[in-house]
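Undergrad: here you go, sequence then predicted model.
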Amino acid sequence: MEKLSKEIPLLGISNSSVADICNDGECCDIVNMRNDYGVWNVCGKPKKVLDGNSEGRICRFIHCNNNYVHLISYDGTTVWWEANIVNNQSVKVGKSIATIENVSSFESVGNILISVCEGGNQFSLFTDNEYSHIGSIESPILSFNLEYSHTAKTIANPVALPHEHTESINKEKNYAFIAERFYKQVIAKRENNGTLNSPFLIRYALKLYDGSYIKPSAPVLMMPTDDIRKGFSGTIKILKNKDEEYSLDYIGNTYKCYSLFFNGYEIPSAKWDNIISSVDIFISKPISIASENFDLVKGNNERQGENEGEILLDIEYPSLSDSQFKKKIIEENVFYKIASFKLYELRNSNTYTEELPIPYKFEEIASQETLPVDNFSHYDIFGDVSLLYNSRLHIGNIRRYLPKIFNLSNFIVSQNEFNKKVSKCSFSGAVSCHIRVKINDDNGIKCVEMDLPIHREGYLSPYISYPDSRAYTMQIWVKYSDGTIRYKWINLNSSKTENMAYYINSQFSGIELEEYNIQIPTSTQRDYDSFPNLLRVSNHENPFYFPQELSYSISNGEILNISTVTTELSQGRYGEFPLYIFTSDGIWTLQQGSEEVVYQSLLPVSRDIAISNKGIASTNNAIVFLSDKGLMLLSGSNVTQLSSFGLERTDIISPIEVDGKEVSIKSDQMCVDNFKEYIKNSHIKFNYSNNELLFLDSGKEYLYSFSLNGTGWSRIEFTNNPLLLFLNIYPDLYVSDSTGNLFNLSKEIKSDSLPFIVTTRAIKCIDNFRFKQLKEVFIKGELDFIEDSICVSILGSNLPDRDFLPIASYSLKNSFVDGVRIPVFSPAYKYFRISVFGNGKSGMNINGIILMFAIKYGMKAR
C-alpha cells in the first residue's frame, strides 16, 4: 500500500465542533504553551515579584504616579501599603493605610488613592513618603449671626422738578409721582451704606484645588430684629421757588444696622488642606420688601415747613405681601463671594466668634465671583463599574445615596427676635438632635434619618432646607441636657430654582419646636436611588467632584462595563478614542468633545450584549468581550467573532500529570469539561508583552490564554495556589494568588523549565471512515529541555471522542533542534491522538506534526 503523509498544524484548544468533524490539529488541552504565528512556544515562568504573607493580605491594586509604583493590599478590613515595585522587583513595606469596611475596588488619580465603597468613597493621600488617610470629604459647619451695630436714616439727594410737573404737586396731590422720584435712591443708599440692614441669604461652599465648588451649604435667611417694613417711609420736603419750580428733599425714618459674625465647627483636619483650597462665603443681594407699585404709595400729614413756601409730607412706600416676599426669597439663586478662609484659619478660630466684614458696596457686588450651586454634589455615588480615562474617573451603573441632612447648627442664630417677633424655642442646653427626612421617589418613599450634634445656643432661623427637591417632610427631635425633648413636623416644598426642598415660617419668625413626651427614635437610615443606565464623569484630575452636567444616560439598559481603545500610556489612560459603554441592551459609544464638552454625542454601535461586566478588555486597536456567541472583537463599529465557546459535549481523555520543579500540572477530564464555563466566568486582561488575552476564573489554579499572534487557546499553569485577580500597569500585567504571592505575567524567567502538555483531538488524516495504519510520526520544532525527559504518547481509536488506546510511547532523552522522527508499528485505526508532555525549556517549540500512514481495510497490522 502507498505510504501517505499529512502535515498537521496545532490549532490550540477547541471544542467548537464534534470530534468526528473537527479540524485536524485542534487540541483537547495545551498547557504552558503560547501560539506565535503557528509556532507553539513553551512559556517562561512568570516572575514572582512579591512573596505571600501569613496575614491573608491580597494585592488588589497598583498605585502608580510619576516616580513610584506601590502595591496596595486589602485583608477585608484594612488597606495596606504592601510594597514598592523598583526595577521589576518588590521592596517590602507592610504599612497599614486605613481600616475600611466593604471596599469593592480601588482607583487612583495622581497621588490620591480611592477606596471605592458602598455609601461613599474613602480617600488617602500619598505625600512626604507616607499615606495619609483623609476619609470622605465633609463640609465644616458654619453658623452666622447678626449683631446690632448702630441706627441710621436715609437722606436722599435733592430732586428738582421742572415747571411742567407742578400740576402733580399743586392739584393732583400725586404722592406716587413724588415717591417715585426718590425710590431708587432710597433703595440704593440703604444697600450701599456699608452695613447690613435688610434681609439677605448667606451660604458657603468648599473650593477644591482645581477651583471647583462642592457641597454648598443651605441658604440661611438673615433677618433684622425689627419690622422688615420699617425704614421705607420718611418725610419729603417740598420747596417752591420764585419761578414756580419745585425741589424735593427726602429724609427717611431710622432703621437698625447690623454687623455679621460667624462660628465654625467640625472643621476638617489638616490632612485636607491640600484638597480643600478654601471655604468661601457668599451672600445674596439685600432682599428688599419694598414694592415698586407706586400707585399704593400713602401720603399723609401734609403741613407747612419752617421756611416760607416749604411743605412737609410724610410718605410711606408700599411693601410686598408676605407671599410675594416669600416668593422673592425662595427664588433668589445668585450668591456673591464676600470672604474666603483657609481651613487652618477656621481651625484656629474654631472656638471664637469672628466678625465677617462686608468688603463691598452692594452696587459693586455684581462684579464679584458667584457661586455655581450644585446640590447634586451632596450625594455620595457608588458605581458597579469604573474606569479612569483621560484623568477623569468614570463611574457607571450608579447607586446614588441621598444627601446627608444639614446640621441644625447651620440654621441656628443668636438673635431671638425676627421681624419684631420673639422666638420662644431656645437651643440653650440642647445637646443633640434626630432628624428624619422623607423623599417621594418614583419607586416609593425613601428616607434619610440621622443623629446629629448641636454645637451652639440660639434660635432657629425662619428658613430651613434639605438638598433634594423631592423631599416632602422633615421631622426634628431635639434633646436637652435636662432630658427635655422638643419636636417639630415640617412640610417641605420643592424649590424651582435649585435641587432643594424648603420651609419658611409664616410671618418670617423663628421656627418653634414644641415639648414632646415620647422618646427620640434611635434608628438611622440612608436610602439610595438606583440608576443602572447612568454614567457619571468627574472633573479633570479631581475624583471628589462629579458635576451634574457630566451625567450621561445610556439607553434604557444596565451599564455592564466601560472601555476604550487605547494603549495605556499611564495609569490615567490618555487618548482621543471614543468611550464604549457596554449595556444590557447593546454597545454604545460616547464621542469625544472639545474643551468644556467632554463627550458630545451618544451613538449606538451594536446590539451584541456582553454576558458579564468581567468579560471585557481593551487592546491596542480593539475591544474584546464575551457574548453568548463567544469571544468577540469590536473595532470601530464592527463586531466579529474570534472564537466560540464550544459545545457542552466534550472529548473523553486520559489524564496526564507532569511534575515540574516548583509546580505539578495536570490535564484531565475536569479541565476539558470546564473550558466553556471557565471562559464565560472569566475576567479578561490584555497582556501587551505577549499580545495575548488572558482569562481568569477567580479561585482556579490556572489561566487561559488566547493568542492574537495567529489565534489559539492554551492553558497557563505555574502555581499550585488558586489565582484571584489581575492587576495591571502598562505595560505589565500581574496576577495574585490566595496566599498573597504576586506574579508578573509580562516578565517571564526564560532560564527555568516549565512543565507543558499538548494533547490533540481526533486526527482523521484523510477521512473518518477508513482505517489508517501509522508508520511514522514527526514532531516538528525545537525540542529543547533541561532535565528529565519529554514524552510522546500516540493513541488510536475507532471512535472520535473516546476509547483511545495506546499505540506507542516514547521518552526523548536528548534535545532535538529540528524535530524528532518516531517510527510506529501498530494496528490500524480511524482516529489518532498525539500527546507531547514533559519539562520544556523556555523557547522550546512545536510548530506541527507530520503523520506517515497507509490506508488499511481492517485493523490488523501487516
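TA: Nice, thanks for sending it over.

Undergrad: pretty sure Trp477 belongs to a strand, no?
TA: Yes: according to DSSP: H, G, I helix; E, B strand; the rest coil, Trp477 belongs to a strand.

Undergrad: tell me what it is bridged to.
TA: Trp477 forms beta bridges with His434, Tyr487, as assigned by DSSP bridges.

Undergrad: just the CA atoms of the helix or strand harbouring Gly264, as PDB, please.
TA: Assigned by DSSP states H and E, Gly264 belongs to strand 246-265. Presented in PDB, the C-alpha positions along strand 246-265 are these (Å, rounded to 0.1, in the frame of the first residue of the first chain):
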ATOM      1  CA  TYR A 246     -40.200 122.700  42.900                       C
ATOM      2  CA  SER A 247     -37.300 121.000  44.600                       C
ATOM      3  CA  LEU A 248     -37.800 117.800  46.700                       C
ATOM      4  CA  ASP A 249     -35.700 116.600  49.700                       C
ATOM      5  CA  TYR A 250     -36.200 113.200  51.400                       C
ATOM      6  CA  ILE A 251     -35.300 112.300  55.000                       C
ATOM      7  CA  GLY A 252     -36.100 108.700  55.800                       C
ATOM      8  CA  ASN A 253     -37.000 107.300  59.200                       C
ATOM      9  CA  THR A 254     -34.400 105.500  61.200                       C
ATOM     10  CA  TYR A 255     -33.600 101.800  60.900                       C
ATOM     11  CA  LYS A 256     -31.200  99.400  62.500                       C
ATOM     12  CA  CYS A 257     -27.900  98.300  61.000                       C
ATOM     13  CA  TYR A 258     -26.000  95.100  61.800                       C
ATOM     14  CA  SER A 259     -22.600  93.500  61.600                       C
ATOM     15  CA  LEU A 260     -22.200  89.900  60.500                       C
ATOM     16  CA  PHE A 261     -20.400  87.300  62.700                       C
ATOM     17  CA  PHE A 262     -19.800  83.600  62.300                       C
ATOM     18  CA  ASN A 263     -18.800  80.500  64.200                       C
ATOM     19  CA  GLY A 264     -17.000  77.400  62.900                       C
ATOM     20  CA  TYR A 265     -17.400  73.800  64.000                       C
END
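
Undergrad: mind giving me the packing neighbours of it?
TA: The elements that strand 246-265 packs onto, with contact taken as 3 or more Cβ pairs under 8 Å, 6 or more residues apart in numbering; DSSP states H and E, are strand 141-161, helix 175-191, strand 233-240, strand 354-355. The way it works is simple: take the backbone N, C-alpha and C, and place the C-beta from them, glycine included.

Undergrad: list the buried ones in it?
TA: 246, 248-250, 252, 255-265 (16 or more other Cβ atoms under 10 Å).

Undergrad: can you pull out the helices in this protein?
TA: In the chain, the helices defined using DSSP state H lie at 166-170, 175-191, 322-330, 343-348, 669-673, 675-680.

Undergrad: and those helices: which comes nearest Ile559?
TA: Of all the helices of the chain, it is helix 675-680 that lies closest to Ile559, at 19.9 Å by Cβ to Cβ.

Undergrad: where among the helices and strands packed on strand 246-265 is average confidence lowest?
TA: Looking at the helices and strands packed on strand 246-265, the lowest mean pLDDT belongs to helix 175-191 (a mean of 73).

Undergrad: report the angle between that helix and strand 141-161.
TA: On the basis of axes from the mean of the first three to the mean of the last three Cα atoms, to 10 degrees, helix 175-191 is oriented at 140 degrees to strand 141-161.

Undergrad: for helix 175-191, C-alpha coordinates in PDB please.
TA: The C-alpha coordinates for helix 175-191 follow below in PDB (Å, rounded to 0.1, in the frame of the first residue of the first chain):
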ATOM      1  CA  TYR A 175     -48.000 111.100  46.000                       C
ATOM      2  CA  ALA A 176     -46.900 108.300  43.800                       C
ATOM      3  CA  PHE A 177     -45.200 110.700  41.500                       C
ATOM      4  CA  ILE A 178     -43.400 112.300  44.400                       C
ATOM      5  CA  ALA A 179     -42.400 109.000  45.900                       C
ATOM      6  CA  GLU A 180     -41.100 107.600  42.600                       C
ATOM      7  CA  ARG A 181     -38.600 110.400  42.400                       C
ATOM      8  CA  PHE A 182     -36.800 109.000  45.500                       C
ATOM      9  CA  TYR A 183     -37.500 105.300  45.400                       C
ATOM     10  CA  LYS A 184     -34.300 104.100  43.600                       C
ATOM     11  CA  GLN A 185     -32.200 106.500  45.800                       C
ATOM     12  CA  VAL A 186     -33.700 105.200  49.000                       C
ATOM     13  CA  ILE A 187     -33.100 101.600  48.000                       C
ATOM     14  CA  ALA A 188     -29.600 102.200  46.700                       C
ATOM     15  CA  LYS A 189     -28.500 104.300  49.700                       C
ATOM     16  CA  ARG A 190     -29.700 101.500  52.100                       C
ATOM     17  CA  GLU A 191     -27.900  98.900  50.100                       C
END
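
Undergrad: between that helix and strand 246-265, how big is the angle?
TA: Orientation of helix 175-191 against strand 246-265 (the same axes, to 10 degrees) gives an angle of 40 degrees.

Undergrad: elements contacting helix 175-191?
TA: Applying 3+ Cβ pairs under 8 Å, 6+ apart, one finds that helix 175-191 contacts strand 141-161, helix 166-170, strand 233-240, strand 246-265, strand 298-304, strand 310-316.

Undergrad: in its sheet, what does the last one sit against?
TA: Think strand 310-316. strand 233-240 (antiparallel), strand 298-304 (antiparallel).

Undergrad: give me the buried positions along it.
TA: Those would be 312-316, for strand 310-316 by 16+ other Cβ under 10 Å.

Undergrad: out of those residues, who's nearest Gly135?
TA: Set against Gly135, the nearest of those by Cβ to Cβ is Glu316 (56.3 Å).

Undergrad: next, count neighbours for Thr225.
TA: 17 (other Cβ atoms under 10 Å).

Undergrad: who's in contact with the spatially most central residue of the chain?
TA: Geometric centre of the chain, nearest residue: Ile395, 4.1 Å, by Cα atoms, centre = their mean. Residues near Ile395 by Cβ atoms under 8 Å, 6 or more residues apart in numbering: 381-383, 385-386, 535-537, 546.

Undergrad: what do you get for Phe625?
TA: Residues near Phe625 by Cβ under 8 Å, 6+ apart: 582, 608, 610, 615-617, 631-632, 634, 684.

Undergrad: any idea which of the strands paired with strand 310-316 is most buried?
TA: Neighbour counts (mean count of other Cβ atoms under 10 Å) averaged over each of the strands paired with strand 310-316 peak at strand 233-240, with a mean of 18.

Undergrad: hmm, who's touching that one?
TA: The contact list for strand 233-240 (Cβ under 8 Å, 6+ apart) reads 153-154, 166, 169, 178-179, 182, 186, 246-253, 305, 307, 309-317.

Undergrad: extract the CA atoms of that strand and return them as CSV.
TA: Taking C-alpha atoms only, strand 233-240 is exported to CSV below (Å, rounded to 0.1, in the frame of the first residue of the first chain):
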residue,chain,number,x,y,z
SER,A,233,-41.0,105.6,55.0
GLY,A,234,-39.9,109.2,55.6
THR,A,235,-40.6,112.8,55.1
ILE,A,236,-40.5,114.7,51.8
LYS,A,237,-39.8,118.4,52.0
ILE,A,238,-41.3,120.3,49.0
LEU,A,239,-40.0,123.8,48.3
LYS,A,240,-41.3,126.1,45.6
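
Undergrad: isn't Gly120 right next to Gly135, touching?
TA: No: Gly120 is not in contact with Gly135 according to Cβ atoms under 8 Å; the separation is 9.1 Å.

Undergrad: what sits in contact with each of the two?
TA: Common neighbours of Gly120 and Gly135 (Cβ under 8 Å, 6+ apart) do not exist.

Undergrad: good, we can wrap up now.
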